[in-house]
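# here's a sequence, model it:
(one chain, ligands or ions: 1)
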Amino acid sequence: MLNGKTAVVTGGSRGIGRAVCTALAENGANIAFLSRGGAGAEQTERELEALGVTARGYVCDVADYGQTEQVFKQIIADFGSFDILVNNAGITDDKLLLSMKPDSFDKVLRTNLYGVYNTIKQAYPVFMKKRSGRIINISSVSGLIGNAGQANYSASKAAVIGFTKSVARELASRGVTCNAIAPGFVETDMTADFTQNEAIIGQIPMKRFAKPEEIAAVCAFLASDGASYITGSVICADGGMTCIS
Ligand code: NAP
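Got it, this is the predicted structure:
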């Protein structure tokens, strides 16, 4: 279904991002993924190549505009162009606001929000010119209902939703869609410290964390032909967390 298309996925070296790369590759897409060079990128590359697609990992801190611009130029040189952008790279630095230093607030906003600006700035002219393209931004339920200890993260993820809706409106007439996914708790390195936390599991109507593949499947749908009339939407994949808020 995505044969002949190329997807750029940020934060593809592990967690949800790797699952997104896999789901898109299983549908035939070639994959360019970005990470800061931590462990996992080579494994992602190997797993994707085993699916018979072209895959390449790039070292890039999406919080840095100059680096992001250079890497997108390189991706276009390597793949010709690209058709799908998934903004998945994200970090947390949780603390109650009382002890949250400016650096912590700044760092989380730089990756989670500015990172989305930095990549969409590269994709915008490409998609506008070809009059097609899919942008999928990974937000979070924290951006919808907030979370104590995550004022920085929640602010960044709420901002991504506003950003998504504005870009959707700007590009709708050009055949480009822009949507967000708001996952609840997902089993990844990011949540490794509290996957067994009964208080958290108690907040989830489905009484379990999601597997990364359950978020990736939503992403694959938003990239597919079946989602051609969906833009500016936020799809919650949260085991029911927001339906009871
Ligand atoms: P993860 O396991 O910590 O993986 C994060 C990925 O992003 C890694 O590939 C990491 O690679 C990359 N990354 C981080 N900062 C980056 C930067 N500045 N530039 C480029 N790459 C960067 O996280 P995850 O749980 O899969 O989360 C993925 C996304 O889903 C995030 O946006 C997160 O906020 C969101 N989300 C997660 C959950 C959850 O429960 N896990 C829930 C809701 C939303 P390097 O470290 O090598 O850079």
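# who are the packing partners of the biggest strand by length in the chain?
For the chain, the longest strand by residue count, based on DSSP state E, is strand 176-183. Helices and strands touching strand 176-183, as assessed by 3 or more CB pairs under 8 Å, 6 or more residues apart in numbering; DSSP states H and E, comprise helix 115-130, strand 133-138, helix 151-171, helix 212-223, strand 234-237. C-beta: built from backbone N, CA, C; applies to glycine.
# go again with 10 Å.
Strand 176-183 sits against helix 15-26, strand 84-87, helix 115-130, strand 133-138, helix 142-145, helix 151-171, helix 212-223, strand 234-237, with contacts defined as 3 or more CB pairs under 10 Å, 6 or more residues apart in numbering; DSSP states H and E.
# which residues does whichever helix or strand comes after that strand contact?
Sequence order places helix 198-202 as the next helix or strand after strand 176-183, per DSSP states H and E. Residues outside helix 198-202 that contact it (CB atoms under 10 Å, 6 or more residues apart in numbering) are 184, 185, 191, 194, 195, 207, 208, 209, 239.
# got the buried residues for helix 198-202?
residue 201 (16 or more other CB atoms under 10 Å).
# i'd like the first residue to be 298 from this point on
With 298 as the first residue, the last one maps to helix 495-499.
# off-centre distance for it?
Chain-centre distance of helix 495-499: 25 Å, with CA atoms, centre = their mean, to the nearest Å.
# then stretch 458-470?
The answer for stretch 458-470 is 16 Å, by CA atoms, centre = their mean.
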